[in-house]
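Turn this into a model:
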Amino acid sequence: MSFEKEFLDNYLRFGLGSMTKTDIDGLVMHLLDKYVFPEGDPLKDKSNQAVSEQLQTPVGKIKNVRYAASLKFSESIEEEARSRFKNCLLSISFSTDAKDVKFLVEDQLVKTWFQ
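Residues are numbered from 1 along each chain as shown. Predicted structure coming up:
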């Protein structure tokens, strides 16, 4: 499947104009994360900050749209969360003390799933 085909399949599922702007934003974010962006890489491998700069949108909006898109458009939310968690672990900085291991997870889907 392609970006265009998947977009049209979802957009036209309930009739032309039936999706809200929020749902369209979520769908576009989901597809940008899934398929190759014009610069060559899917956005799913990039941080919210990097995507924010690339799409010229506030980081908070990127976080919210990505989370909503995952819930609404992912085929398997659990698999999506696992995959994102694995990617998170590959780029994470750990800090430890005698009792705890601490790390920051900015992906809301991963945070919710991990908890």
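
what residues does the strand or helix carrying Gly60 touch?
Applying DSSP states H and E as the criterion places Gly60 in helix 59-73. Under the contact criterion CB atoms under 8 Å, 6 or more residues apart in numbering, helix 59-73 has outside partners 10, 22-23, 25-27, 29-30, 33, 48-49, 51-52, 55, 77, 80-81, 106-109, 112. Heads up, the C-betas are built off the backbone N, CA and C, glycines and all.

Could you pull out the helices in the protein for me?
Remark: helices assigned in the chain by DSSP state H are 3-11, 21-34, 48-55, 59-73, 77-90, 108-114.

Would you point out which residue is most central in the chain?
Arg66 (3.8 Å; CA atoms, centre = their mean).

So what's the residue count around Val51?
By the criterion of other CB atoms under 10 Å, Val51 has 22 neighbours.

Sorry, wrong one. I was asking about Lys72.
14.

Next: Ile62.
23.
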